[in-house]
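In: dropping a prediction and its sequence here:
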Amino acid sequence: MNVPLRRAAYAILGAFVILIGSVTYIQAIAGPTLRDDPRNPRVIAWRTGRQRGPITSSDGTVLARSAPSPDDPSVFERDYPEGDLYSHTVGFTSVLFGSRGIEATRSNVLVSNRDSTISGVLNGLLGGDTKPRGVQLTLDHALQEIAAEALGNQKGSIVALDPTTGAILAMVSYPRFNPNSLVRAGAGSAGLELESDPDEPLRDRTVDQTYPPGSVFKVITTASGLDTGLVSPSSEFADPQALQLPGSESTIENYDGEVCGDGVTVTLQFAFVKSCNTVFAQLGIDVGGDQLGVTAQSFGYNQDVPFEFSVLSSAFPPPGTIENNPPATAQNAIGQRDNRATPLLMAMTAGSVAMNGTIMQPYLVDEVFTSDGTVEEAADPSQWRRAMSPASAAVLADLMEQVVISGTGRKAAVPGVRVAGKTGTAQVTGKAPHAWFIGFGPVEAPSDVPQIAIAVVVESGGDFGESATGGSVAAPIAQKVLAAFFG
Amino acid sequence: MTRRAEAGLIVAAALLASIGVAIVEFTNGDWLDAQVALTFLAFAGSFGGIHLATVRWAPGASSLLVPIAAFLTAVGFIEIYRLDSHLAALQRWSLLVAAAVGALILWLLRNAGVAVLRRYRYVLLAIGIGFLLLPLLPDSWLIHGATVNGSRLWVRVDVPATSRVLSFQPGEVAKVLITIFLASYLAERAEAMALVGRKLGPLKIPEPRHLGPVFVAAGVAFLVLIYQRDLGASLLLFGVFVAMLYVATGRSFYVIAGAFLALVAGFVAYSSFAHVQRRIDAWLDPFAYYQDAGYQTVQGLFAMGSGALTGSGIGLGRPDLIPAAPTDFIFAAIAEEMGLAGSLAVLAGFGLLLAVGFGIALRSRDRFRKYLASGLTIVLGLQAFIILAGVLRVLPITGLTLPFMSYGGSSLVANMVIIALLLRVSHEERL
């Protein structure tokens, strides 16, 4: 009569084996997921209360730090000493609103890797460094300050980078916010206010916003004509007051509604320096919509830009969509209609001219260092893609230098430095135009001389409103950043 | 194992409990106070008392039971103290009372043995069912039922001329009394019940007149379910009925019929009671009902997941965020602060306790003692399984205390009675 009893005993002990399996799954396998679930109230005390490593600029200025709370020394408080200056790059880590910026992308090194997970326990047992690591950014604190000041209270953004490496030197987006407001008392109302603000201060306008690039895109249209061998700077184009677009009633006019040169013919160089729409619309039609799309793609259009943050894809009509539609081709060739670009990609476009046609992969983190200062991980610059031939890049460098010497970009000139650039005034239906400037310097610099490429966009004309142009609004802002860089 | 080793392990469990209390005090930033000494004295006094009673009145008893029970009680007590030191102080008194009741039972049975219980089996059954129904007494009476969290399983006694209220869960004691009755009843009837009446395919069906107890079991469990809204107790009672019928008769028919009835009852309950339906839905996807019915389960999962392998450390987690942490969800609280290491130790403790209990049953020669030991072990095992499975989301959550570990005097007394009876049964086999 012991047989059924034995079976019952096995059944109950077997049920306990199921419990052992279940608790092992919950604690060892699902543990980290459950622990980090945003609904887990422990995350509040845990994620914000833990010590996080510092984030610094390339010159060592502290941009984020953790200090023990005066009330409870076992709890750390996060502090952003530079306030709103790095709101989109450094970001924040907040209980109620999650993490953004470097605080989100590098969270795994910024927190201690000594915890109760399998890897954490092993690491602790093996005597690994368990203190949080620090992150040094490529951003130059002085340049970041100048850029923010130059943009002022105008909606828009600035990206400055080193075209030889891809290192981001300054990255500013306005409107900004103070990340300290999201980690301290009152974070709830402050965060909700930011989230509902129609000006979208949380949006990083350098990578998370696209704009019609306007005449800035003429750099790419010109590269397309040069690469295909269709034109040279001395090629002559007709110079009408308005270009009648084939197969339609519409016309394209120059910015001031006048002829570009003498009203008969004009060279490509002259038209580039004065930014004449009629000539580049015609050049676009001559090159063709498909070829223009191919060139745009080699500059990074319709591609995912590999970067610290996710970058909106810049958009150009893909091959086959506008080839037989000359009006659309013409309008896209001058950076209008369906053409949309991020400021980051436009800064990289300027950089490709400086770099003989190659584009370096942009990066924001210079190095990850341990608590004793040892570099654990250092940036390794690499080429992302070839945008155009070296010969085309050399021609464009010359054309863009002329823009700053005698054309629409004169207000970007820095005395004693060979600065090159291109302005853009992107028309937006029902709104004031977006003012653009992209540029770089010094032209023909030896590789050991510091170089910079920049893109500036001011939304809806900024303080100038309807009368704004790239040359009048964006070029002076770029000039201040360039002057500070070279000064 | 010798009595000396048993005494040593009881002292170790008492040290474990008092060191745990000391750790909680240190993490709270306090200095050691009388709590550490009081905890040591309560554990040494209660389990030491049971030990001395065993030496005196049941010297042949197994020396494995008491140390395991002491270990489980100590781990549970540390977590209760960490959650609420006021509850822990009450639990200490409960522990002393429970040990006194356990010793009293050993003394009462010192000459007559457990066999005397057979003589009073209908009295015990009547008391057991009466206890089960006690919470249904109207609120205006001196002794009255009370509804807590939607379930009516408490009885409160308003002590006359004072504002004091004594409260206890009679269901905890009822389960022991009903188990004693079943063991006694089956010892006499099992052979008759095992007789095959007819065959239905491969299934051997007992004579219809022997099926009565099965339906009585189902009926009582279902009544408890309906009137007291106590899913856990009804599942436990029903499970013990079915398991003991199987153990006594060896007929899998009882298990199959029991499972069928349970499924039917479960389906009826699901379709007729909103609170049952909510629990099932919240079991299948607790995160979808995170705000209401799934809240407790999800908080338990968060706690256990946050504890991971080694736990937050005693006093350093947030088990206070789990609803009913000191009672139903004590295991989740332990898992958070002591990690997978601690939760596996607890499960291993229960596994050992059950193995010892089943070992006593297997070695028993007398039918009644065998069924009594099996029934009591099954009660312990099923109760622990049902609540742990609920916490770990293996089954829907049903309110039950975790034996020896949850806060609660009635539970502690009932489980100490089980230990005392198992001790006595194992002693009688050595005679």
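Out: On my side now, so go ahead. Model, not experiment: these values are computed from the prediction.
In: which residues of the stretch 101-250 of chain B lie near chain A?
Out: Counting by Cβ under 8 Å from any Cβ of the partner chain, the residues of the stretch 101-250 of chain B close to chain A are B:Ala243, B:Tyr246, B:Val247, B:Ala248, B:Thr249, B:Gly250. Every C-beta, even on glycine, is put in place using the N, C-alpha and C of the backbone.
In: and those as a markdown table, adding neighbour count?
Out: Conversion of these to a markdown table gives the following (neighbours: other Cβ atoms under 10 Å in any protein chain shown):
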| residue | neighbour count |
| --- | --- |
| B:Ala243 | 26 |
| B:Tyr246 | 22 |
| B:Val247 | 27 |
| B:Ala248 | 27 |
| B:Thr249 | 22 |
| B:Gly250 | 16 |
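In: and the residue in chain B that chain A sits nearest to, what does it touch?
Out: Nearest residue of chain B to chain A (Cβ to the nearest Cβ) works out as B:Gly305 at 2.5 Å. The contact partners of B:Gly305, taken as Cβ atoms under 8 Å, 6 or more residues apart in numbering or on different chains, are A:Ile26, A:Gln27, A:Ala30, A:Gly31, A:Pro32, A:Thr33, A:Leu34, A:Arg35, A:Asp37, A:Asn40.
In: same deal with A:Val216?
Out: A:335, A:341, A:346, A:349, A:422-424, A:426, A:436-438, A:455, A:470.
In: tell me which entries of the residues you listed lie within strands.
Out: A:Lys422, A:Thr423, A:Gly424, A:Ala426, A:Trp436, A:Phe437, A:Ile438, A:Ala455 (DSSP state E).
In: which among those residues count as buried?
Out: In the ones in strands among the contacts of A:Val216, burial by neighbour count holds for A:Lys422, A:Thr423, A:Gly424, A:Ala426, A:Trp436, A:Phe437, A:Ile438, A:Ala455, counting by 16 or more other Cβ atoms under 10 Å in any protein chain shown.
In: now the fifth one: how far from B:Phe273?
Out: Taking Cβ to Cβ, to the nearest Å as the criterion, A:Trp436 is separated from B:Phe273 by 67 Å.
In: also the last one?
Out: The span separating A:Ala455 from B:Phe273 equals 66 Å under the rule Cβ to Cβ.
In: start and end of stretch A:310-321, how far apart?
Out: One end of stretch A:310-321 sits 27 Å from the other (Cα to Cα, to the nearest Å).
In: how about it, which residues are buried there?
Out: Across stretch A:310-321, burial judged by 16+ other Cβ under 10 Å covers A:Val311, A:Leu312, A:Ser313, A:Ser314, A:Phe316, A:Pro317, A:Pro319, A:Thr321.
In: among those, which one has the lowest pLDDT?
Out: Checking pLDDT across the buried residues of stretch A:310-321, the minimum falls on A:Pro319 at 87.
In: neighbours around the residue lying closest to it once chain neighbours are set aside, how many?
Out: Residue nearest to A:Pro319 in three dimensions, not counting chain neighbours: A:Asp290, with 4.4 Å by Cβ to Cβ, 6 or more residues apart in numbering or on different chains. By the criterion of other Cβ atoms under 10 Å in any protein chain shown, A:Asp290 has 17 neighbours.
In: for whichever strand or helix holds A:Asp290, name the packing helices and strands.
Out: Following DSSP states H and E, one finds A:Asp290 within helix A:289-298. Here helix A:289-298 touches helix A:218-227, helix A:326-333, going by 3 or more Cβ pairs under 8 Å, 6 or more residues apart in numbering or on different chains; DSSP states H and E.
In: list the contacts of the closest residue in space to B:Leu372 that isn't next to it in sequence.
Out: With sequence-adjacent residues excluded and distances taken as Cβ to Cβ, 6+ apart, B:Leu372 is closest to B:Ala183, at 4.0 Å. The contact partners of B:Ala183, taken as Cβ under 8 Å, 6+ apart, are B:Met244, B:Phe368, B:Tyr371, B:Leu372, B:Ser374, B:Gly375.
In: now tabulate those in CSV and tack on distance to A:Pro233 and neighbour count.
Out: Below are those laid out as CSV (distance: Cβ to Cβ, whole Å; neighbours: other Cβ atoms under 10 Å in any protein chain shown):
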residue, distance to A:Pro233, neighbour count
B:Met244, 100, 28
B:Phe368, 110, 21
B:Tyr371, 105, 26
B:Leu372, 105, 30
B:Ser374, 100, 30
B:Gly375, 100, 30
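In: mind checking which of these land in helices?
Out: B:Met244, B:Phe368, B:Tyr371, B:Leu372, B:Ser374, B:Gly375 (DSSP state H).
In: quick one, what contacts the third one?
Out: This points to B:Tyr371. Applying Cβ under 8 Å, 6+ apart, the residues contacting B:Tyr371 are B:Leu182, B:Ala183, B:Ser184, B:Leu186, B:Ala187, B:Ala190, B:Met244, B:Val247, B:Ala248, B:Ala361.
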